[in-house]
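S.K.: Let me see the structure of the following:
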Amino acid sequence: IIINNSKLQFQFKNIKDLIMKNMGEPRIKIVAMPSDTNPAGNIFGGWILSQIDLAGAIAARELAPIRVVTISMKEVIFKEPVFIGDIVSCYAKITQVGQTSITTVVKVVVQRLNSQGFCECVPVTTAEVTYVSVDEKGNKKPTEKVACFNASFKALSVFFNSGVLNEISLHDFDGEKFYI
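M.R.: Below you'll find the model as predicted:
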């Protein structure tokens, strides 16, 4: 499949690439263990929040390679429980960039066997997490100048030069505006 939007051309090897395009890149994949359970026997929500924070920070570090700190996590609603043995995947993408801040969206999906013995993917939650780029001493630091093409985001990006945002924003194939 080839999609051409007059300036950029994107090629997908298969239809799965199109379906997964809004997920962001896989940042963490981990098996939920018995040590991560709450008193009810499900995986503790705080453990999942920790995975979300790590996945978003990995994405944010692309623009702030020295260090990022979490400044906010918007409402997180758990739609499904996570059980021992589930494979927990956290997908993260950068959605907005400020002078020193980087906002990411993290989607959590689990892979588990259903009652018929087939593997199924179950969406668990989505969170918007904002980070601030800081130096080694914890002082705010402008995000790095970046020029990259990232296939999972379908965008060419240019960010900061001497602390001034030089932004190229594109629309994804659903018309949603996003920043990389």
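
S.K.: if I look at N139, how far off is T130?
M.R.: 18 Å (C-beta to C-beta, to the nearest Å). No exception for glycine: its C-beta is placed from N, CA and C like everyone else's.

S.K.: So these two - more neighbours on which side?
M.R.: Counted by other C-beta atoms under 10 Å, N139 and T130 do not tie: T130 has more neighbours, with 19 against 9.

S.K.: need the contact list for the more buried one.
M.R.: Contacts were defined as C-beta atoms under 8 Å, 6 or more residues apart in numbering; by that measure T130 touches T70, I71, S72, M73, S101, I102, T103, T104.

S.K.: quick check, nearest of these to F83?
M.R.: F83 lies nearest to M73 out of the contacts of T130, by C-beta to C-beta, at 23.3 Å.

S.K.: quick one: the closest residue to the closest one other than its chain neighbours and G85, what's the gap?
M.R.: Of all residues not flanking M73 in the chain, V129 sits nearest, at 4.9 Å (C-beta to C-beta, 6 or more residues apart in numbering). Distance, V129 to G85, using C-beta to C-beta: 26 Å.

S.K.: who's more crowded, the two?
M.R.: The neighbour count for V129 versus G85, taken as other C-beta under 10 Å, is higher for V129 (24 against 13).

S.K.: Which strand residues bridge the more buried one?
M.R.: M73, T104 (DSSP bridges).

S.K.: where along this structure do the strands fall?
M.R.: Per DSSP state E, the chain carries strands over the ranges 2-4, 9-11, 25-31, 68-73, 87-97, 101-113, 119-133, 147-150, 155-158, 160-161, 164-165, 170-171, 177-178.

S.K.: hang on, L54 packs against V88?
M.R.: No: using C-beta atoms under 8 Å, L54 makes no contact with V88, being 11.3 Å away.

S.K.: any shared contact partners between these two?
M.R.: Overlap of the contact sets of L54 and V88 (by C-beta under 8 Å, 6+ apart) consists of I28.

S.K.: quick one: which of these two has more around it?
M.R.: Between L54 and V88, counting by other C-beta under 10 Å, V88 is the more crowded of the two (22 against 16).

S.K.: thought the more buried one was touching V110?
M.R.: Yes: counting by C-beta under 8 Å, V88 touches V110, with 5.4 Å between them.

S.K.: Quick check: neighbours shared by the two?
M.R.: Common neighbours of V88 and V110 (C-beta under 8 Å, 6+ apart) are A32, V82, V124.

S.K.: quick one on the thing from earlier: make TSV out of the contacts of T130 and add neighbour count.
M.R.: Listed next are the contacts of T130 as TSV, based on neighbours: other C-beta atoms under 10 Å:
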residue	neighbour count
T70	15
I71	13
S72	11
M73	15
S101	18
I102	27
T103	20
T104	25
